[in-house]
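> Pasting the sequence and the predicted coordinates here, then a few questions.
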Amino acid sequence: MAQAQTTNATTEAHGGAHDVGFPPFATETFGGQLLWLAITFVVLYTLLSRLVLPRLSGIIENRRAMIASDLDDAAAMKSRAEEAGSAYEKSLAEAKGRAQALAQETRAKLSAESDAKRKALEADLNQRLAEAEATISSKKAEAMSHVDAIARDTASAIIERLTGKAPAPQKVEAALNQIKA
């Protein structure tokens, strides 16, 4: 502990009566300070105006030129993109027109084929119908030709059954002729 007290004692600042204040505000050094301020200002101004400012203005001009070039390139690309877009729209419209024409042509072709098949089928059906009607007519005529014989046989059988004697075929024929007339 004794040692700590001695250290404090040696590090204490001795406050004396010489109060200097802030050195840059000392009036005795104003002349030197002003001289060095002028020298430093002139040196810095010269360095900035001769070296730094030309480089900065060159960089700024290069940047402006690059920006202008980029803007010109962007405008050119925009116009090319618009041209490509209009070409695309035109080709799309043409493709739609061709597709519609092709669809219409295909529709017409299929309709014509369908009509042709329908007409051929109708002609075939009409021919079959005519053949069937002719067959029916011939079968009807053949059946009608047998009706007289069937009627004769049936009438003879009925009379024989009722009377017990078979009638004469001429009398049955005459009776049937009389009914027909």
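Thanks, I have the structure now. Numbers count the residues shown, from 1 in each chain.
> Show me the shaky parts of this structure.
Within the chain, the stretches with pLDDT under 70 are 1-20.
> can you name the farthest residue from the center of it?
residue 165 (97.9 Å; CA atoms, centre = their mean).
> Enumerate every residue touching that residue.
Contacts for residue 165 (CB atoms under 8 Å, 6 or more residues apart in numbering) come out as none. Glycine gets a C-beta too; all of them are placed from N, C-alpha and C.
> give me the element it is part of.
Assigned by DSSP states H and E, residue 165 falls within no helix or strand.
> Next: residue 55.
Per DSSP H and E, residue 55 falls inside helix 53-163.
> And for whichever helix or strand comes after that helix, what's in contact with it?
For helix 53-163, the following helix or strand on the C-terminal side (DSSP H and E) is helix 169-180. For helix 169-180, contacts defined as CB under 8 Å, 6+ apart pick out 148, 151-152, 155-156, 159.
> Which two of the residues you listed have the greatest separation?
Greatest spatial distance in the contacts of helix 169-180: 148 and 159, 16.3 Å, computed using CB to CB.
> circling back to that earlier point, could you list every helix and strand that the helix holding residue 55 packs against?
helix 169-180 (3 or more CB pairs under 8 Å, 6 or more residues apart in numbering; DSSP states H and E).
> Now the helix it packs on: buried residues?
residue 172 (16 or more other CB atoms under 10 Å).
> Off-centre distance for it?
89 Å (CA atoms, centre = their mean, to the nearest Å).
> swap in stretch 99-114?
Taking CA atoms, centre = their mean, one finds the center of stretch 99-114 at 24 Å from the center of the full chain.
> that older thread, more neighbours: residue 148 and residue 159, which one.
Set residue 148 next to residue 159 and count neighbours by other CB atoms under 10 Å: residue 159 wins out with 16 against 13.
> Can you tell me, leaving aside adjacent residues, what's nearest to the more buried one?
The spatially closest residue to residue 159, leaving aside those adjacent along the chain, is residue 167, at 4.7 Å (CB to CB, 6 or more residues apart in numbering).
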